[in-house]
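[1] when you get a sec, could you give me coordinates for this:
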Amino acid sequence: MTTSSSPAGGADLASPAQPDLFLSPVTDEPEQLRAGGTVLAAVAAGAVVAVGAAGTALSWQLGLGRLGDPGSGMWPFVLGVAMTLTGLALLLRARTTTDTERFTRGTVGVVLGAASLVAFGLLFELVGFEIPTALLLVVWLKVIGSETWRSTAVITLGAVAALHLGFVGALSVNLPHLIAW
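    Here you go, the predicted model:
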């Protein structure tokens, strides 16, 4: 990168002949995305409303407590209400929205990632955190991320061991776990 003197006596960051790599835009985006239309905008907004309403209802069951003494459901409740209101606002705008995108093959990865998080949450209480964490990492690294089996295995085993040693061993966090090291 070349620098030149500016009128104020300082140096310019880069000359036009050699643009700064850190300031150049990412160019690996698809060139042309096809619009999804109002139906997909309404579906997306409806999904936000549904998840927000479910979170609100489930957090209510945990108990809200009071502002001075919040219960375990207080902040999930606030988040659920905010998410529901945001989804409703998006739903009201769905007819005039023009910036939605059609579902593509990349959408499968997003759905798989979300489903794997739900499975992780369900399996966590049943079999401890080691097996669901390992399965989640394998899905994210190998299936979604297309990593090699070698790197998937090394990262998964290393991460599960580090999490176990860190949370259960060093911090004495009472997590459900099957492996007693």
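
[2] after the one helix or strand residue 110 maps to, which helix or strand is next? Please name it.
    Mapping residue 110 onto the secondary structure by DSSP states H and E places it in helix 105-127. The element immediately downstream of helix 105-127 (helix or strand, assigned by DSSP H and E) is helix 130-138.

[3] any stretches of this structure with poor pLDDT?
    Along the chain, the parts satisfying pLDDT under 70 run over 1-36, 177-181.

[4] just the C-alphas of the helix holding residue 110, formatted as CSV.
    Listed in CSV are the C-alpha atoms of helix 105-127, where the atom choice follows Å, rounded to 0.1, in the frame of the first residue of the first chain:
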residue,chain,number,x,y,z
ARG,A,105,-30.6,-24.3,-1.4
GLY,A,106,-28.9,-22.2,1.3
THR,A,107,-32.2,-22.0,3.2
VAL,A,108,-31.8,-25.7,4.0
GLY,A,109,-28.7,-25.0,6.0
VAL,A,110,-30.5,-22.4,8.0
VAL,A,111,-33.4,-24.7,8.7
LEU,A,112,-31.0,-27.6,9.6
GLY,A,113,-29.1,-25.3,12.0
ALA,A,114,-32.2,-24.2,13.8
ALA,A,115,-33.6,-27.7,14.0
SER,A,116,-30.2,-28.9,15.4
LEU,A,117,-30.4,-26.3,18.1
VAL,A,118,-33.9,-27.5,19.1
ALA,A,119,-32.7,-31.1,19.2
PHE,A,120,-29.7,-30.0,21.3
GLY,A,121,-32.1,-28.3,23.8
LEU,A,122,-34.3,-31.4,24.0
LEU,A,123,-31.4,-33.9,24.3
PHE,A,124,-29.5,-31.8,26.8
GLU,A,125,-31.7,-32.7,29.8
LEU,A,126,-32.0,-36.3,28.7
VAL,A,127,-28.5,-37.4,28.1
